[in-house]
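# Got a predicted structure plus its sequence, pasted below:
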Protein chains: 4
Amino acid sequence: MCDFAVGLSRQLNGSIIPSERPDHAMLEVWNPLGIVGVITAFNFPSAVLGWNACLALVCGNCVVWKGAPTTPLITIALTKIIAGVLEKNNLPGSIFTSLCGGAEIGQAIAKDTRISLVSFTGSSKVGLMVQHTVNQRFGKCLLELSGNNAIIVMDDADIKLAVRSVLFAAVGTAGQRCTTCRRLLLHESIYDKVLEQLLDLYKQVKIGDPLEDGTLLGPLHTKSSKDSFVKGIEVIKSQTKTPARFIGIGLEPVFCLALRQEVKSCTGGSAIESEGNFVQPTIMSTYLVELCFPESCFCKLLVLSSSIFTQRPEAIFRWIGPSGSDCGIVNVNIPTNGAEIGGAFGGEKATGGGREAGSDSWKQYMRRATWAGF
Amino acid sequence: MCDFAVGLSRQLNGSIIPSERPDHAMLEVWNPLGIVGVITAFNFPSAVLGWNACLALVCGNCVVWKGAPTTPLITIALTKIIAGVLEKNNLPGSIFTSLCGGAEIGQAIAKDTRISLVSFTGSSKVGLMVQHTVNQRFGKCLLELSGNNAIIVMDDADIKLAVRSVLFAAVGTAGQRCTTCRRLLLHESIYDKVLEQLLDLYKQVKIGDPLEDGTLLGPLHTKSSKDSFVKGIEVIKSQTKTPARFIGIGLEPVFCLALRQEVKSCTGGSAIESEGNFVQPTIMSTYLVELCFPESCFCKLLVLSSSIFTQRPEAIFRWIGPSGSDCGIVNVNIPTNGAEIGGAFGGEKATGGGREAGSDSWKQYMRRATWAGF
Amino acid sequence: MCDFAVGLSRQLNGSIIPSERPDHAMLEVWNPLGIVGVITAFNFPSAVLGWNACLALVCGNCVVWKGAPTTPLITIALTKIIAGVLEKNNLPGSIFTSLCGGAEIGQAIAKDTRISLVSFTGSSKVGLMVQHTVNQRFGKCLLELSGNNAIIVMDDADIKLAVRSVLFAAVGTAGQRCTTCRRLLLHESIYDKVLEQLLDLYKQVKIGDPLEDGTLLGPLHTKSSKDSFVKGIEVIKSQTKTPARFIGIGLEPVFCLALRQEVKSCTGGSAIESEGNFVQPTIMSTYLVELCFPESCFCKLLVLSSSIFTQRPEAIFRWIGPSGSDCGIVNVNIPTNGAEIGGAFGGEKATGGGREAGSDSWKQYMRRATWAGF
Amino acid sequence: MCDFAVGLSRQLNGSIIPSERPDHAMLEVWNPLGIVGVITAFNFPSAVLGWNACLALVCGNCVVWKGAPTTPLITIALTKIIAGVLEKNNLPGSIFTSLCGGAEIGQAIAKDTRISLVSFTGSSKVGLMVQHTVNQRFGKCLLELSGNNAIIVMDDADIKLAVRSVLFAAVGTAGQRCTTCRRLLLHESIYDKVLEQLLDLYKQVKIGDPLEDGTLLGPLHTKSSKDSFVKGIEVIKSQTKTPARFIGIGLEPVFCLALRQEVKSCTGGSAIESEGNFVQPTIMSTYLVELCFPESCFCKLLVLSSSIFTQRPEAIFRWIGPSGSDCGIVNVNIPTNGAEIGGAFGGEKATGGGREAGSDSWKQYMRRATWAGF
């Protein structure tokens, strides 16, 4: 992101536009906002800061950062590194400031009229409150909220590729990414085959210290996360055959899904009795009838990131077209997780609509003036 | 706008981006939002609709329009014209739908989850409520709210040009544009000269039926507008010498202005006793001390549109730079009013932050997906 | 093109660029070139003029047009229409001027220092001469030269779709488009099937007056074209088994092709004895050994337009990637011919490298100045 | 340039374009050219290589570089540095190759069909030959040729600023930049004042070893340059009163200049008798009649870089508009020399038309394919 932003710093271009009025000119000029507030979450304690701060700084802004309350050491360490770089270049270290603390700091940032833009990463519920507070004072928001991401495996998919991708997207980083795969939609003709291969892989998952070679599944971040997992499983199991919204791991009502049978636990579903907040890699399944994939409404997934596995070009192009996925991130034959700084990162609807990294995200950290005159 | 949008319809381009991952590709694809709601105000009963609907339609959306409650005939006439064009081209006329009515229709649009984007033009107060309602359901907003626009005349300005521009910007369309000049800031060395010439022009203003040749000042839109004018003048006159916010015609506190003497009525200030909602062209003046134009904070005007009259290139470039005007529309040697469809139209802060017309406003009527795969 | 260009006329934007030098600004400004010369060919007597003149005119240039010597009536008619439009808008009709005549007019345009850009459509040989003349006087060229376009049909292709596409691309407009398919490369596993179906379709081709319903194959443009066809067939037939460049219908040496057997005439190959310059729809075939499609050099086709028929996504993405087709126009599952004004039209190498229509072709009709100062 | 190009490497974006054809897509994809040849001049033995090679390499090309025959050590040193970086990153060092030698190497590069693009910096005469050779084989050229750059000082200019700028632009680096000021056009009302101040500054110029503190004027690059200087002065002095092209320091005929009196030597004009190729800082002057600056043709300067000194905004905007300077680089109140990597560098007409650095120059190092299909 630093390399990318440095290159970008020579391309923060506005426009000069021919005017309809003779002997006049028009300009669209981008100027810095002033102070940008960045509120990040525990799961990417430095990456999301990097996406925001690198762009905000080359755009000429100051940055006030609030890291997660559970990752203060990273917040302090990063701040020291950045201050050092600034001061080496004869700039005040205070151009980049950080705060350790909880919701009260977040609220102070949201309310402060001196902070022109608040970039928030976290839950949809808190994000909505931040947005309301910031809007009341006519400030700007950039939201990256939670995603209930799904992978669809079509009947013609490369099964082996799909299964490995699901494993990595669902179990990697203990499912704590915003792009983690939380739902798997299988065409019935390959349902059994995929499930069988997936269960086979799940059995081999090495659980333990993520710093050790070969470990795929580390612990959850806190005791509270572990408790939430256990409670979520109970809610899912209590689901009956009635056509119902799939709470917890969740299936959005837009699918008009009806459950053909009860939710079945295929593997996992429990916390692990040990030191550390470990839980089992888990698969819950159900059969669905009338899965609504009409041509005219190919598939609406109200999530941050989505993925389809198929080998048909026409399916791929429908998937990325107007009637396809309406996620912000749309993958084909690769998992839901993963991102590149060259492409805009962000979701639609309940995920907030913001975009980070990518070639034009810098515009969110600046204000535009349309200038006319002669 | 129709011509512009038709040309634009062949340029709704996304990006194909080289991927860091070997044998992978990335795409940023723009797809239509679905249904776009447009709520417009009385003062531009068709232009603002055009800005929004032309772009929304070529982007592949349907449009639901609510015109102002006081301009239903224009709403109906325009809708018939558009339906005719659609049907001539074998498209359902209902792609563009309109509704006549008041706040209850606006609220229904704001609440309706089927309407992905609500474009609202009107007061800051109502705009804020619309935004909150739309955000709660994770919809998008495009706001064009009111502006307290100012013209600055510097000591080196072409006075004759400035005075004529002020007249047109303040009195034209009876001051009912969102870009109408509501505040005039004069350098003290040219204060008397400008005021004298302006008063001279004001005396010659022809008041009456705007359809008659030579009329500059027509009536206000409603009886209620006339009453507001009279009340506003009273509030301004009650201002005393204490350092105070200049309510009504208003000077923002950021200027740290102090009044050196009472507000003085220079000309006008009354409603006109006649049929129709006519008021006098009015100038209220005061002297200011400590007008804060430090180099480091050249001039912050929290309004939609602003204008400066000066002949110094360095003043012009400071004016459009980071420490200059923070309006969305920044004019030099032309009045605050007026706009071109090639440049983005819209303001900052209390004016809502939306942008209409201009070469990239179409992106607000679409959703972007970042696609990765192989 | 007129609609497109009118919309584009509000988007001829340059850039304003933040400067590294404090208190400085940089601008990239686009200004018109002055006079643009357009030399077009007989086969699209008005479309290519439209691509060039519409953009050149909205960019603020005057246009001098030389149509083909064999289509003077179209040249005169179009000029009258355009002059009428200009004059109706109070602009001098002479902004757009045309000349009927042959090579001597073309040479005069190429040599004239008052003509800043010469856009030439025609043969590679003449294009090269025009370019040299224009470059000598430091003028600019925009070349659209001939293409030896190929369609590749892979083993997994939708054969029926491919065969119909080849028919249309090879026989339609009597093969006189610059994007006409002139070579067909078949995977050996589907060779017989494709050839059989194609011969079947060729038998049904209705030859005659193109204004009559159902006619697919009209006459060649001139007697001289008919003679060239007859001579070309003779040259092809004289090809022997030696590894050789395939002249006439031609296969580029980059393919390292060796002929396994003599060229065989499958159907057609003669002129038709009748009034008018009619020739038979013709297929010549040969088997090839060692067709060089290594992974590292997927397929280099040195032509204007190319097309592949396949249903494998990975083949499609390789085809449009660095090791795929190096044509300017790269089709997938559609024929070589056809174009849209939203996409840039033009080829590489022997086809000249120019680009017409599309969203940034207008830049070729303007000159750019990088402005710096304060 | 390395930092800039690394950032740029995540933004080499093509377009995805909505197709007019239902269920079709269009893409404009950029792919590397293959091998890029770079031929640079003695005066910037590494900067111009950097402009070209950094962009060419991040675009995925290999580079073959020919430095100037008189600067082989720099060529070898840079090549070693670059090879080291490549190999440290597990890339073959031969991605970047260089050659030391003269015209025969340049010709070999121009002729080699494996080299898709030849970027040439040098004289207009040689550039034209390179272009012809490369075009014959349908290769691409990027030319940066010599400039006869002029500074105009208007009657309202800040004289002190202008004079210092002229000194630096004319005498700095011994006048051996492509952007060196070679002509000075003075408004008659300030002619005497500028000349007097300039002569005063010229007297203080410290001539000597450029590595010593305070030295402004170092030696010319070769003995041959020194001889050319002496010969050029003789040609200028032989100019008579007849309306004539001003050879040597030169005034383009487009100015329709007539000499009012003989050319007068104001200062300098001789080589310095010493070891090293030193010459005197030199000013030759003449009075001009009928200097043609009509409104309709503000000023045509057929050079790489130009500069105007004035304080009138309307003069500045006319200067950068359609009737203003037609140079590629247009300065205002700063000298002709100097450039930033964020803005495109290059000239028009006899300077070749290429553009280096800047945000879209990378496109010259790639080929574009317009893809259509489904």
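Alright, I've got the coordinates. Just so we're clear, the structure is a prediction, and the values are computed from it rather than from any experiment.

# The stretch 151-300 of chain A: strands as residue ranges?
Ranges of strands within the stretch 151-300 of chain A are A:181-186, A:258-259, A:264-267, A:283-285, A:288-289, based on DSSP state E, counting those that start in this stretch.

# Just list the residues touching residue A:127, thanks.
Residues in contact with residue A:127, defined by Cβ atoms under 8 Å, 6 or more residues apart in numbering or on different chains, are A:120, A:143, A:145, A:352. Bear in mind the C-beta positions are built from the backbone N, C-alpha and C, glycine included.

# scratch that, residue A:32
Contacts of residue A:32 were listed using Cβ under 8 Å, 6+ apart, and they are A:59, A:60, A:61, A:365, A:366, A:367, B:322.

# The fifth one and residue B:325, how far apart?
Shown here: residue A:366 relative to residue B:325, a distance of 15 Å by Cβ to Cβ, to the nearest Å.

# Same drill for the two, tell me which one is more crowded.
Applying other Cβ atoms under 10 Å in any protein chain shown to residue A:366 and residue B:325 shows that residue B:325 carries more neighbours, namely 29 against 22.

# Chain neighbours aside, what residue packs nearest to the more buried one?
Once flanking residues are discounted, residue B:325 sits nearest to residue B:306: 4.6 Å by Cβ to Cβ, 6 or more residues apart in numbering or on different chains.

# And the residue of chain A closest to chain D?
In chain A, the residue found nearest to chain D is residue A:7; the distance is 1.0 Å by Cβ to the nearest Cβ.

# Let me know the pLDDT of that residue.
Looking at residue A:7, its pLDDT stands at 93.

# Now do the helices in the stretch 201-350 of chain A.
Using DSSP state H, counting those that start in this stretch, the helices of the stretch 201-350 of chain A run over residues A:223-237, A:313-319.

# Return the most buried member of those helices.
Of all the helices of the stretch 201-350 of chain A, helix A:313-319 has the most neighbours on average by mean count of other Cβ atoms under 10 Å in any protein chain shown, namely a mean of 19.

# near chain C at all, it?
Yes - among the residues of helix A:313-319, A:313, A:316 lie within reach of chain C under Cβ under 8 Å from any Cβ of the partner chain.

# how long is stretch A:151-162 end to end?
9 Å (Cα to Cα, to the nearest Å).

# I should have written stretch A:214-224 there, sorry.
One end of stretch A:214-224 to the other measures 26 Å (Cα to Cα).

# neighbouring contacts of that stretch?
Contacts to stretch A:214-224, defined as Cβ under 8 Å, 6+ apart, come from residues A:42-43, A:70, A:167, A:171-174, A:176, A:205-210, A:226, A:229, A:276-279, A:281.

# and with 10 Å instead?
A:41-43, A:68, A:70-71, A:167-168, A:171-176, A:201-202, A:204-212, A:225-229, A:271-272, A:274-281 (Cβ atoms under 10 Å, 6 or more residues apart in numbering or on different chains).

# which of those residues are buried?
The neighbour count (16 or more other Cβ atoms under 10 Å in any protein chain shown) marks A:41-43, A:68, A:71, A:167-168, A:171-176, A:201-202, A:205, A:207, A:225-226, A:229, A:271, A:277-281 as buried among the contacts of stretch A:214-224.

# For chain B, see how far away residue A:25 is.
As for residue A:25, its distance to chain B is 9 Å (criterion: Cβ to the nearest Cβ, to the nearest Å).

# Please name the bridge partners of that residue.
In this entry, residue A:25 is beta-bridged to residue A:18, residue A:373, by DSSP bridges.

# contacting residues for it?
Going by Cβ under 10 Å, 6+ apart, the list of residues near residue A:25 reads A:16-19, A:371-374, B:332, C:27, C:29, D:317, D:320-321.

# on that earlier part again, restrict the buried ones among the contacts of stretch A:214-224 to contacts with chain C.
Among these, proximity to chain C is found for none (Cβ under 10 Å from any Cβ of the partner chain).

# ok, back up a step: closest one to residue B:134 among the helices of the stretch 201-350 of chain A?
helix A:313-319 (28.0 Å; Cβ to Cβ).

# hmm, who's touching that closest one?
A:152, A:154, A:156-157, A:295, A:298-299, A:306-310, A:312, A:324-325, A:330-333, B:29, B:369, B:371, B:373, C:310-317, C:332-333, D:23-25, D:373-374.

# returning to what we had before: return the most buried member of the strands of the stretch 151-300 of chain A.
Highest mean neighbour count among those (mean count of other Cβ under 10 Å): strand A:181-186, a mean of 22.

# near chain B at all, it?
No - applying Cβ under 10 Å from any Cβ, one finds strand A:181-186 separated from chain B by no less than 14.7 Å.

# Can you pull out the low-pLDDT segments for chain A?
Within chain A, the stretches with pLDDT under 70 are A:236, A:239-263, A:286-303, A:350, A:374.

# Point out the residues in it that sit beside chain D.
So chain A meets chain D at A:1-13, A:16, A:18, A:23-25, A:58, A:313-314, A:317-318, A:320-322, A:340-343, A:357-360, A:373-374 (Cβ under 10 Å from any Cβ).

# quick one: which of those residues sit in strands?
The members of these that map onto strands under DSSP state E are A:16, A:18, A:25, A:373.

# Report the buried members of the residues you listed.
When those are checked for burial by 16+ other Cβ under 10 Å, the buried set is A:16, A:18, A:25, A:373.
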